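J.: show me the folded form of this:
(chains A and B)
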Amino acid sequence: DTEVTQTPKHLVMGMTNKKSLKCEQHMGHRAMYWYKQKAKKPPELMFVYSYEKLSINESVPSRFSPECPNSSLLNLHLHALQPEDSALYLCASSQPTSGIHEQYFGPGTRLTVT
Amino acid sequence: AQSVTQLDSQVPVFEEAPVELRCNYSSSVSVYLFWYVQYPNQGLQLLLKYLSGSTLVKGINGFEAEFNKSQTSFHLRKPSVHISDTAEYFCAVTRSNTGNQFYFGTGTSLTVIP
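T.: Here you go, the predicted structure:
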C-alpha cells in the first residue's frame, strides 16, 4: 500500500471557524510533511515531523497548528484563518532511513476561507 | 543551499511529438533528484528519481531523465507525448545527507495539443 489519504477533500470555512485537516499513511514511514500549494505554484513546505517530533517549522503563522498523534497520522488544526490561506494543502510521507528519499503525496485538501 | 530552476514555465507540444522539460540545480553537496507530475486537482505523483548509478533513469508513463553532473541538469524527456500527459511537472532536489527537505522548481506546465 503506497497510499497517503487526506480528509476532507474540500473544506470551506469562515475566518472565525476552527477546523482540522487529517492525513494518514500505512507505509511505515516515519517522516510526514504538510505543504501549502497555490495555483500554478510549487508546494511550499510548512512542517516536517520526523519520528513523531516536529523537526521543521518553516515560520508558519500560529493559526496553523500541526499535530502528529502517532506514526501513521498527521493533523493540521486551523483557526482564525485569512482569505489568503485559501490553497491546496498537501500531506506527504517518506522513510528517512531507507536511503530512498522520495516523498509520497496525498491528493490534498482544497481549502477555501471566506 | 539548494536551488532548482525550471526554465520553461509553459511548454505546448503536439500529440505524438517528443518533449524535453528542463531542470537545472545548484548544490554544494551530493543530491538526489526527482520529477513529479501533478494532474489537475490532484496531488503529486512520482515519475522517476535519480539516487546513484546509471545517469539515464526510466520512469512511469514512458518518461526518462538524464542526470548530468557537469552541467548540473536533470532534464525530463518523452519521445512521443499523449493528450493524457497534459499536466504540471515539478523537478525536485534533496540533499543526500538528510533527505528530509525537498527543494522544488517552479514547475512546467505541459500542454499537449491534439
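
J.: give me the pLDDT for the most centrally placed residue in chain B.
T.: With distances taken as CA atoms, centre = their mean, residue B:35 lies nearest the centre of chain B, 3.5 Å away. pLDDT recorded at residue B:35 is 97.

J.: contact partners for it?
T.: Residue B:35 sits next to B:21, B:23, B:46-49, B:59, B:63, B:65, B:74, B:76, B:89-92 when contact means CB atoms under 8 Å, 6 or more residues apart in numbering or on different chains. C-beta: built from backbone N, CA, C; applies to glycine.

J.: what about 6 Å?
T.: Residue B:35 makes contact with B:47, B:48, B:65, B:76, B:91, according to CB atoms under 6 Å, 6 or more residues apart in numbering or on different chains.

J.: so, low pLDDT: which residues of the chain?
T.: Picked chain A for this. A:1-2, A:97-100 (pLDDT under 70).

J.: oops, chain B please
T.: In chain B, residues with pLDDT under 70: B:1-2, B:96-100.

J.: who in it is up against chain A?
T.: B:32, B:42-44, B:46, B:49, B:90, B:94, B:99-100, B:104, B:106-107 (CB under 6 Å from any CB of the partner chain).

J.: could you dump those into a markdown table with neighbour count added?
T.: Converted to a markdown table, the residues of chain B next to chain A look like this (neighbours: other CB atoms under 10 Å in any protein chain shown):
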| residue | neighbour count |
| --- | --- |
| B:32 | 19 |
| B:42 | 16 |
| B:43 | 21 |
| B:44 | 28 |
| B:46 | 17 |
| B:49 | 19 |
| B:90 | 25 |
| B:94 | 22 |
| B:99 | 20 |
| B:100 | 18 |
| B:104 | 21 |
| B:106 | 15 |
| B:107 | 23 |
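
J.: which of the contacts of residue B:35 has the most neighbours?
T.: When neighbours are counted by other CB atoms under 10 Å in any protein chain shown, residue B:91 leads the contacts of residue B:35 with 29 neighbours.

J.: quick check: phi and psi on the closest residue to it other than its chain neighbours?
T.: The spatially closest residue to residue B:91, leaving aside those adjacent along the chain, is residue B:23, at 3.5 Å (CB to CB, 6 or more residues apart in numbering or on different chains). Here is the backbone geometry of residue B:23 (degrees, to the nearest 10): phi -140, psi 130.

J.: what sits against residue B:23?
T.: Listed by CB under 6 Å, 6+ apart, the contact set of residue B:23 reads B:6, B:74, B:91, B:105.

J.: can you tell me which of those residues are in strands?
T.: Counting by DSSP state E, those place B:74, B:91 in strands.

J.: near chain B, which residues of chain A show up?
T.: So chain A meets chain B at A:31, A:42, A:48, A:90, A:96, A:101, A:102, A:105, A:106, A:107, A:108 (CB under 6 Å from any CB).

J.: closest one of those residues to residue A:71?
T.: Of all those, residue A:71 sits closest to residue A:31, with 9.8 Å by CB to CB.

J.: okay, and the beta partners of the closest one?
T.: residue A:50, residue A:94 (DSSP bridges).
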